[in-house]
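# just the structure for this:
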Amino acid sequence: MISVKVYNLQGEEAGSEQLPEALFGMPWNNSLVKQVVDAKLANSRNVIAHAKGRGEVSGGGKKPWRQKGTGRARHGSIRSPIWVGGGVTHGPNKEKNYSQKINKQMQRKALLISLSRKAKDGEIMILDTVRMQEPKTKLAAKAFTALSHVPAFPKLGQKGGRVLLMIPGKDDVVVRATRNLPYVTPQEARNMDLLSVLEHKYIIIPKEALAVIQKTFVK
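Numbers count the residues shown, from 1 in each chain. Next up, the predicted model:
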């Protein structure tokens, strides 16, 4: 078990918490994390580049001129790739499939490896609770300002210190209070994914969300 300090929304210590080894004690595996990241990016790729082939361009319904007797080279259609305005040969095609297969076990392991690395680097903060009384940006900004004064988490929630805020479940109050903070991203704990973890400098996990993460991702 890994022992860490627990803080409240005022930036004060509120006890300690034992982080489970199954979540935060995995050894780093660079090749696996890269493989899963590459697959996720490929699977989310929106293929829009497309060049029309000779069967897609307009015109060319008839032979430009007769086959013989004109002194010119023979042609069957102005859609030919050698004509200006004709189809493109071997151009990009929107039907191309870039997706890669990646199984759930690999995705889950890569996520746990990244969480473990974050914990080792001191980039995970545990909160006693994340509940707020009102959905006001002022309250959220005040809380993150207080948390940024914790010595181990400089610039938390500010430029250079993007935060992934885990919430135990659906919480419209917290989401509405933080959505206007440019460097804070709220996300339900059950929906945590590898790309979100890697895109943020810090991860804030309330104790309630920690239980949800353990139940969801530790098999």
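# can you map out the strands along this protein?
2-7, 13-19, 124-127, 163-167, 184-188, 202-206 (DSSP state E).
# show me what the first one is packed up against.
The one in question is strand 2-7. Contacts defined by 3 or more Cβ pairs under 8 Å, 6 or more residues apart in numbering; DSSP states H and E place strand 2-7 against strand 13-19, strand 124-127. (Glycine included, C-beta is placed from N, CA and C.)
# nearest to His200, of those strands?
Closest approach to His200 among the helices and strands packed on strand 2-7 is made by strand 124-127 (10.7 Å; Cβ to Cβ).
# neighbouring contacts of that closest one?
With contacts defined as Cβ atoms under 8 Å, 6 or more residues apart in numbering, strand 124-127 is touched by 4-9, 17, 19, 24, 115, 118, 147, 150, 153, 156, 202-207, 210.
# buried members of the residues you listed into PyMOL, please.
Listed next is the PyMOL selection for buried residues among the contacts of strand 124-127, using 16 or more other Cβ atoms under 10 Å:
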select buried, resi 4+6+7+8+9+17+19+24+115+118+147+153+156+202+203+204+205+206+207+210
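# any idea how far Ala211 lies from Thr89?
According to Cβ to Cβ, to the nearest Å, Ala211 stands 58 Å off from Thr89.
# actually, Lys68.
Plainly put, Lys68 is 27 Å away from Thr89 if you go by Cβ to Cβ.
# and those two? which has more neighbours close in?
Looking at Lys68 and Thr89 with other Cβ atoms under 10 Å, you find the greater number of neighbours at Thr89, namely 11 against 7.
# got the contact list for the closest residue to Ser148 other than its chain neighbours?
Excluding the flanking residues, the one nearest Ser148 by Cβ to Cβ, 6 or more residues apart in numbering is Leu156, at 4.4 Å. Neighbouring residues of Leu156 by Cβ under 8 Å, 6+ apart: 125, 144, 147-148, 150, 163, 202, 204.
# please identify the most buried of the helices and strands packed on strand 2-7.
Mean neighbour count (mean count of other Cβ atoms under 10 Å) peaks for strand 124-127 among the helices and strands packed on strand 2-7, with a mean of 22.
# mind giving me the domain split of this structure?
Residue ranges for the domains of the chain, per automatic domain parsing: 2-45+98-217, 48-97.
# can I get the ones you listed in JSON lines with mean pLDDT?
Formatted as JSON lines, the domains of the chain follow (pLDDT from 0 to 100):
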{"stretch": "domain 2-45+98-217", "mean pLDDT": "93"}
{"stretch": "domain 48-97", "mean pLDDT": "92"}
